[in-house]
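Visitor: 3D model of this:
(one chain, ligands or ions: 1)
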Amino acid sequence: MKDIQCIGVLTSGGDSPGMNAAIRAVTRSAIFAGWKVYGIYRGYEGLINGEVKEFTSESVSNTIQRGGTILKTARSKEFRTPEGRTKAYETLKRHHIDALVVIGGNGSLSGAQELAREHDVTVIGLPGTIDNDLYGTDSTIGYDTALNTIVDCVDKIRDTATSHDRIFFVEVMGRDAGFLAQNSAIAAGAEAAIIPEDRTDIDQLAQYIGRGIRKSKNSSIVLVSESKKDGTGGALHYAERVRNEYPQYDVRVTILGHLQRGGRPSAYDRILASRLGVAAVEALKEGQRNIMVGIKNDQVVYVPISKAVKIDKPIDRELIDVLTELSI
Ligand code: F6P
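Guide: Model prediction:
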């Protein structure tokens, strides 16, 4: 493989707090290594359309504290086609970009994998998503900030839930993963979490009501994962069920939506993004390719992208038990 002299960096899929810190780290670390860096705008959409700009160290000044992504992001339909990926590859060739760093979630890293497979491009993935659903890393960039945002919101909801003696179903993001719901429920002292990973034949709502929590408490908060895959979940669905099956309870729903994705990244996310960004450049120096750089037990690790996107990341059963025990 020829020596790297020039890299591109892009963000793709849903934005997440800390993406700017990652862009900054990749850019500065690459410049430190003596390489040229191109920022690619609007994710794969910009790669297809040649929205590429050379980045200097100053291009990323004053960004570490900002949410969103200065490179903008997109979910590109065209990149899902072989024709789109060929156009993307041509942009890389035109600018003599030897390797591409992709900061994004599952779909974005799967796209990177396809590009690498079809066009022999060197790609490095950084896990950038609030969902924390990438296998091989303990945390993804943005997850900690989103978790803290949710906990702040639930603390506020609790005030009104308590004052009115109500059950609140609070719906949070996570696509098909329950990390945000489960851990925010623990951190906010909620009564239950309804998550896709635990959606077996046991009815989570009946189980929660059946535990008799409402006998000892006047109000309760249930965190509910949005349900993208099977469409059976969602806070509205559970609220409707309680209204029908347990009409004695006063129920309300709050869907937190996109406010969970915004805001200043936490110190944890900034440090994580900085470490992973520097590690991405280190990985390239070592001749690594088609890997995601993650964090395990506070150590930087390399995970084949194929594994990171294909293997389901399980929720630790212990977390489910902790919540169940502490919400009595
Ligand atoms: O993957 C990040 C995420 O925020 C998911 O939690 C959510 O399901 C999805 O993106 C929402 O995407 P969009 O902003 O395109 O509606």
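
Visitor: drop to CA atoms for contacts and neighbour counts, all remaining ones
Guide: Will do.

Visitor: could you check the distance from the spatially closest residue to Ile320 that is not a sequence neighbour over to Glu318?
Guide: Closest residue to Ile320 apart from its sequence neighbours, by C-alpha to C-alpha, 6 or more residues apart in numbering: Gln182 at 7.2 Å. For Gln182, the distance to Glu318 equals 11 Å [C-alpha to C-alpha, to the nearest Å].

Visitor: More neighbours: those two, which one.
Guide: Using other C-alpha atoms under 10 Å, the more surrounded residue of Gln182 and Glu318 is Gln182, with 25 against 9.

Visitor: quick one: the more buried one and Leu223 touch, right?
Guide: Yes: counting by C-alpha atoms under 8 Å, Leu223 is a contact partner of Gln182 at 7.4 Å.

Visitor: joint contacts of those two?
Guide: Taking C-alpha atoms under 8 Å, 6 or more residues apart in numbering as the contact rule, Gln182 and Leu223 both touch Ala193, Ile194.

Visitor: The ligand contacts on this protein?
Guide: Taking C-alpha under 6 Å from any ligand atom as the criterion, the chain approaches the ligand at residues Gly14, Thr129, Ile130, Asp131, Met173, Gly174, Arg175.

Visitor: So the first one belongs to a helix, correct?
Guide: Read it as Gly14. No: with DSSP: H, G, I helix; E, B strand; the rest coil as the criterion, Gly14 is coil rather than part of a helix.

Visitor: Next, the contact list for it, please.
Guide: Thr73, Ala74, Arg75, Gly104, Gly105, Thr129.

Visitor: Helix or strand: which one has the third one?
Guide: Spelled out, it's Arg75. Per DSSP states H and E, Arg75 falls between elements, in no helix or strand.

Visitor: what separates the residue in the stretch 1-150 of the chain that the ligand sits nearest to from Asn49, distance-wise?
Guide: Going by C-alpha to the nearest ligand atom, the ligand is nearest to Gly14 of the stretch 1-150 of the chain, at 4.7 Å. Distance of Gly14 to Asn49, given as C-alpha to C-alpha: 20 Å.

Visitor: can you pull out the helices in the stretch 201-328 of the chain?
Guide: Per DSSP state H, counting those that start in this stretch, the stretch 201-328 of the chain carries helices over the ranges 204-210, 213-216, 235-245, 267-285, 305-310, 317-326.

Visitor: Out of those helices, which one sits most buried?
Guide: helix 267-285 (a mean of 22; mean count of other C-alpha atoms under 10 Å).

Visitor: counting contacts, what elements does it pack onto?
Guide: Contacts defined by 3 or more C-alpha pairs under 8 Å, 6 or more residues apart in numbering; DSSP states H and E place helix 267-285 against helix 19-32, strand 122-127, helix 143-164, strand 291-296, strand 299-304.

Visitor: next one: the longest one to chain centre, how far?
Guide: Right, the one you point to is helix 143-164. 19 Å (C-alpha atoms, centre = their mean, to the nearest Å).

Visitor: and the next helix or strand after that helix, which residues are buried?
Guide: The helix or strand immediately downstream of helix 143-164 is strand 167-172, counting by DSSP H and E. Buried residues in strand 167-172, defined by neighbour count with 16 or more other C-alpha atoms under 10 Å: Ile167, Phe168, Phe169, Val170, Glu171, Val172.

Visitor: Equivalent analysis for stretch 125-138, please.
Guide: Here stretch 125-138 shows 125-137 as buried, counting by 16+ other C-alpha under 10 Å.

Visitor: Quick check: end-to-end length of it?
Guide: 15 Å.

Visitor: contacting residues around Phe221?
Guide: Small correction: residue 221 is Ile, not Phe. Taking C-alpha under 8 Å, 6+ apart as the criterion, Ile221 is in contact with Arg158, Ala161, Ile167, Phe168, Phe169, Val170, Ala190, Glu191, Ala192.
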